[in-house]
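# Below: sequence and its predicted model.
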Amino acid sequence: MNLSSSYKRFLSLLILLSSGAAAVAGPVDAAVLGAKEPLRGRYIVQLKPTTTTSKATTFPAVDGITDRWSATRGFAGNFSSATVQRLLSSPDVAFVEQDGIVHIPEFTSGHSRRAPAAEHWPDSRDAAQAGAPPTAQVVLTQTDAPWGLARLSQDPKLTPPAVPGQYTYLYGAQAGAGVDVYVLDTGIFVSHTDFAGRAVWGATFGGWPNADGHGHGTHLAYASLTSPTGVGLYWVLIPPLFEGLRLPGLAMAWRSISGINWVVQAAQASGRPSVILLAIAGSASAALDNAVTSASLAGVHIVVAATDPNTSPARAQGAIIKVGATSIADAAVSGGSFGAGLTLFAPGANTVSAGIASAIATNTFSGASPAVAHVAGLSAYFLSVLGPLTTGGLGQVLVTTSVQGALTGVGATTPNRLASNNLARLGIVVL
């Protein structure tokens, strides 16, 4: 297999981090939470919830810290064994965890099919935070939509269109207005013509240029946005970039947490409803789980891939939206036997979206990631139509509006729900 020079440099970096840091750090202390794919010598430190924000940004005075997180109250760095012992003994530290690798879901392998933790969605009366939802909504039509978007707007299975690849999509006129979607992925090719100026760069972690060197992030951003008149017409996409995801589909857990922390702060500053699109999977990480749960508790809506319950962030607790993927034939292609923890399914197989080869390029992805993108877009759609929702309230709306029992290949304990934008199921008259 031929590897690009950039990919080889990245793998060499991982080897250097593992071998060189191991000589400094020595054996991992038994009290340290391990990672399945660890980066030896690198650690994530989670502070206790009682730690004040000011203390979280200054504690401790040790060498090697590379990043601090005030929103999720923690930090990461390269630490010696002596420093790790000192941190473990601090009354302010909840736990210390090895930094590890996370993946784009389509790059993972060997995961079992056990169910993520079941989520309890609150009664729909908890859905709205402010004001009553509208009683009617003007519906518009897009006649050249990709199949995944079209499937969100009709209950029956799709039939072949008159023009191959051009399906009909119906959507409310507000279409995501006033909602921010944060794509935590490989970046976004913001100059792609399909974004029409709607994609805005947010933050980069790892010293890389503000560009999508992989294509995964650009694909997901457009799958959740669409053009010219689909879901999210008015959105701003703000994509933190994680170094390892650029070429081989890998990233470091601490950079994912850094991105989540950045989004929480940005969402609080903007005051707008915000959705995180987080299509990654990795070994069990209490630190990553905590970051996801903390962001949800802070009011940021989070959509993830429903992967193995021993992986993060799928195992994170709280009102986290966990998504499986389907094909155009309404068959489950991922998540079919995951159990009660899966929130719902969405189109994910052979989805066509924006590419990075040129400003007009397209590419095709299959798997959980495009499904996550569709539900992130649908989440913003509902937030724009209904107004601000609690994180649990949005989950209930997605469940209530979904098409029930339409899918094949879904296990008996897994909810047979397909994502839908059907406002009528919320009692809203469509005009």
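Yep, that arrived. As the structure is a computational prediction, the values presented were derived from the model and not from experiment.

# In contact with the residue nearest the centre of the chain, which residues?
Centroid-nearest residue in the chain, with C-alpha atoms, centre = their mean: Leu278, separated by 1.2 Å. Contacts of Leu278 were listed using C-beta atoms under 8 Å, 6 or more residues apart in numbering, and they are 184, 256, 260, 292, 302-304, 313, 372. The C-beta positions use only the backbone N, C-alpha and C, and glycine is treated the same way.

# nearest to Leu386, of those residues?
Minimum separation from Leu386 among the contacts of Leu278 (C-beta to C-beta) is found for Val303, which lies at 16.6 Å.

# Just grab the bridge partners of the closest one for me.
According to DSSP bridges, the partner residues bridging Val303 are Leu277, Ile321.

# Do you have the helices of this protein handy? List them.
Counting by DSSP state H, one finds helices in the chain at the ranges 5-25, 53-56, 81-88, 147-151, 216-225, 253-270, 286-297, 368-386, 391-401.

# what's the distance between Ala173 and Gly409?
Using C-beta to C-beta, to the nearest Å, we find Ala173 at a distance of 35 Å from Gly409.

# Repeat that for Gly377.
Gly377 sits at a distance of 24 Å from Gly409 (criterion: C-beta to C-beta).

# With Thr66 instead?
Applying C-beta to C-beta, one obtains 43 Å for the distance of Thr66 from Gly409.

# These two: which is more packed in?
Each of Thr66 and Gly409 had its neighbours counted (other C-beta atoms under 10 Å), and the higher figure belongs to Gly409 (19 against 14).

# Would you check how far apart that one and Ala325 are?
11 Å.

# what sits in contact with each of the two?
Shared contacts of Gly409 and Ala325 (C-beta under 8 Å, 6+ apart): 332-333.

# Flag every buried residue along stretch 75-87.
Of the residues in stretch 75-87, those scored as buried under the neighbour-count criterion (16 or more other C-beta atoms under 10 Å) are 75-80, 83-84, 87.

# ditto for stretch 315-329
Residues of stretch 315-329 classed as buried under the neighbour-count rule (16+ other C-beta under 10 Å) are 315-316, 318-328.

# what about that stretch, distance to the chain center?
Between the mean C-alpha point of stretch 315-329 and the mean C-alpha point of its chain there is a distance of 10 Å (C-alpha atoms, centre = their mean, to the nearest Å).

# Same check on stretch 90-101?
When distances are taken as C-alpha atoms, centre = their mean, stretch 90-101 is centred 23 Å away from the chain's centroid.

# neighbouring contacts of that stretch?
When contacts are defined by C-beta under 8 Å, 6+ apart, stretch 90-101 is touched by residues 14, 28-29, 31-40, 42-49, 51, 55, 59-60, 76, 84, 87-88, 244, 250-254, 282-283, 285-287.

# Among those residues, which are located in strands?
38-40, 42-47, 76, 250-252, 282-283 (DSSP state E).

# ok, so of those, who is nearest Asn422?
Gly282 (34.2 Å).

# what sits against the closest one?
Per C-beta under 8 Å, 6+ apart, neighbours of Gly282: 36-37, 100-103, 253, 288, 311-312.

# Report the beta-bridge partners for it.
Taking DSSP bridges as the rule, Gly282 bridges to Val102, Ser312.

# what does Leu140 give?
Assessed by DSSP bridges, Leu140 has beta-bridge partners Tyr171.

# give the contact list for it.
Leu140 sits in contact with 170-173, 175, 229, where contact means C-beta under 8 Å, 6+ apart.

# Save the contacts of Gly282 as TSV, and put in neighbour count too.
Converted to TSV, these look like this (neighbours: other C-beta atoms under 10 Å):
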residue	neighbour count
Lys36	13
Glu37	17
Gly100	24
Ile101	18
Val102	31
His103	22
Ala253	30
Leu288	29
Thr311	24
Ser312	28
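
# Check the average confidence over stretch 410-430, would you?
In this model, stretch 410-430 has an average pLDDT of 92.

# which of the residues in that stretch are buried?
In terms of neighbour count (16+ other C-beta under 10 Å), stretch 410-430 has its buried residues at 410-411, 414-423, 426, 428.

# CA atoms of it as CSV?
Backbone C-alpha positions of stretch 410-430 (Å, rounded to 0.1, in the frame of the first residue of the first chain) are rendered in CSV as follows:
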residue,chain,number,x,y,z
VAL,A,410,-32.8,-3.2,12.8
GLY,A,411,-32.6,-5.5,15.9
ALA,A,412,-35.5,-6.1,18.2
THR,A,413,-34.0,-3.9,21.0
THR,A,414,-33.0,-1.0,18.7
PRO,A,415,-35.4,1.8,18.0
ASN,A,416,-36.7,1.6,14.4
ARG,A,417,-36.8,5.3,13.8
LEU,A,418,-35.8,7.2,10.7
ALA,A,419,-35.1,10.9,10.9
SER,A,420,-37.8,13.2,9.4
ASN,A,421,-38.6,16.9,9.3
ASN,A,422,-42.3,16.3,9.4
LEU,A,423,-43.6,19.3,11.3
ALA,A,424,-47.2,18.0,11.1
ARG,A,425,-46.3,15.4,13.8
LEU,A,426,-45.6,18.4,16.1
GLY,A,427,-49.1,19.8,15.4
ILE,A,428,-47.7,22.5,13.1
VAL,A,429,-49.8,23.2,10.0
VAL,A,430,-47.7,23.3,6.8
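
# ok so, going back, highest mean neighbour count out of the helices of the chain?
Per residue and on average, the most neighbours among these fall to helix 216-225, with a mean of 30 (mean count of other C-beta atoms under 10 Å).

# That one: how far from the chain's middle?
A distance of 12 Å separates the C-alpha centroid of helix 216-225 from that of its chain, computed with C-alpha atoms, centre = their mean.

# can you offset everything so residue one is 537?
New numbering, starting at 537: the last item is helix 752-761.

# quick one: average pLDDT of that helix?
Average pLDDT, helix 752-761: 85.

# do stretch 606-618 as well
If you average the per-residue pLDDT over stretch 606-618, you get 93.

# quick revisit: of the buried residues of stretch 611-623, just say which sits nearest to Thr677.
The shortest separation between Thr677 and any of the buried residues of stretch 611-623 is 48.0 Å, and it belongs to Ala612 (by C-beta to C-beta).

# I'd like the distance between the nearest residue to that closest one once chain neighbours are set aside and Leu824.
If the residues on either side of it in the chain are set aside, Ala612 comes closest to Trp790, at 3.8 Å by C-beta to C-beta, 6 or more residues apart in numbering. The spacing between Trp790 and Leu824, counted by C-beta to C-beta, is 9 Å.

# Perfect, that will be all.
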